[in-house]
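Novice: Sequence isn't available, so here's the structure alone:
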Ligand code: FE
């Protein structure tokens with residue numbers, strides 16, 4: 001009887017070892033399954049991260065391209081400064097700050113002038129002061145009040161815009177708008193803007209072709225663009 005047990009015992013031991021080996025292998029397979037599952041579960045957050053990054057990058061690109069498209073102007077650094085022209089006899093200080101020089105009583109052809117103020121490196125000049133004064137449609141200046149006189153400032157992109165009318169002719173001069181432009185703490189540029197196709201441009205001693213407005217017809221009057229390049233210190 002005992003001999004029979006001794007003879008069978010190795011087989012029982014072998015069987016037990018085989019069973020243990022199978023159990024171990026099954027357990028390992030189970031752990032691999034868990035690893036696989038846990039890897040699968042952790043994949044979506046990894047995928048979300050780059051998406052979150054690209055979403056975050058999108059507004060930066062948009063604001064950058066908006067700023068660039070807003071500055072859709074031709075300027076090559078170093079840029080030539082806008083020419084200075086005589087102030088003339090009708091300048092008045094202490095004008096009101098306003099973006100419109102006209103009101104319901106103003107007669108003449110409505111004109112909206114806009115553009116940018118840039119420095120010699122073609123960079124926008126924010127908060128530049130723009131002084132405007134001009135004759136009315138009959139070629140007369142208001143030397144007692146502030147009709148068709150005022151000043152405004154460029155925005156953060158160096159952009160400005162003001163409303164006025166096309167000035168009338170007065171003896172000895174062609175159509176023109178007087179302008180002063182000054183960067184914060186910078187030197188003051190005094191100059192004049194002119195109109196294209198005006199016959200008296202050719203006989204005007206102050207007229208400068210580089211100061212002619214780019215005029216377009218809009219639904220409620222004329223629009224004109226001009227970019228000033230100024231020294232900032
Ligand atoms: Fe004048």
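Specialist: Now that the structure is in, tell me what you want to look at. No experiment lies behind these values; they were computed from the predicted model shown.
Novice: need the contact list for the nearest residue to residue 217 once chain neighbours are set aside.
Specialist: Excluding the flanking residues, the one nearest residue 217 by Cβ to Cβ, 6 or more residues apart in numbering is residue 223, at 7.9 Å. Every C-beta, even on glycine, is put in place using the N, C-alpha and C of the backbone. Residue 223 makes contacts with 111-114, 215-217, as judged by Cβ atoms under 8 Å, 6 or more residues apart in numbering.
Novice: Now, of those, which are buried?
Specialist: For those, a burial check counting by 16 or more other Cβ atoms under 10 Å picks out 111-113, 215.
Novice: Can you tell me which of those comes closest to residue 77?
Specialist: Closest approach to residue 77 among those (Cβ to Cβ): residue 113, at 24.7 Å.
Novice: what are the bridge partners for that closest one, then?
Specialist: residue 162, residue 224 (DSSP bridges).
Novice: Contacts only, for it.
Specialist: Taking Cβ under 8 Å, 6+ apart, we find residue 113 in contact with 161-164, 177, 193, 213, 223-226.
Novice: want to throw those residues into JSON lines with pLDDT and distance to residue 103?
Specialist: Conversion of these to JSON lines gives the following (pLDDT from 0 to 100; distance: Cβ to Cβ, whole Å):
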{"residue": "161", "pLDDT": "98", "distance to residue 103": "17"}
{"residue": "162", "pLDDT": "98", "distance to residue 103": "13"}
{"residue": "163", "pLDDT": "98", "distance to residue 103": "10"}
{"residue": "164", "pLDDT": "98", "distance to residue 103": "11"}
{"residue": "177", "pLDDT": "98", "distance to residue 103": "18"}
{"residue": "193", "pLDDT": "98", "distance to residue 103": "21"}
{"residue": "213", "pLDDT": "98", "distance to residue 103": "22"}
{"residue": "223", "pLDDT": "98", "distance to residue 103": "19"}
{"residue": "224", "pLDDT": "98", "distance to residue 103": "20"}
{"residue": "225", "pLDDT": "97", "distance to residue 103": "24"}
{"residue": "226", "pLDDT": "97", "distance to residue 103": "23"}
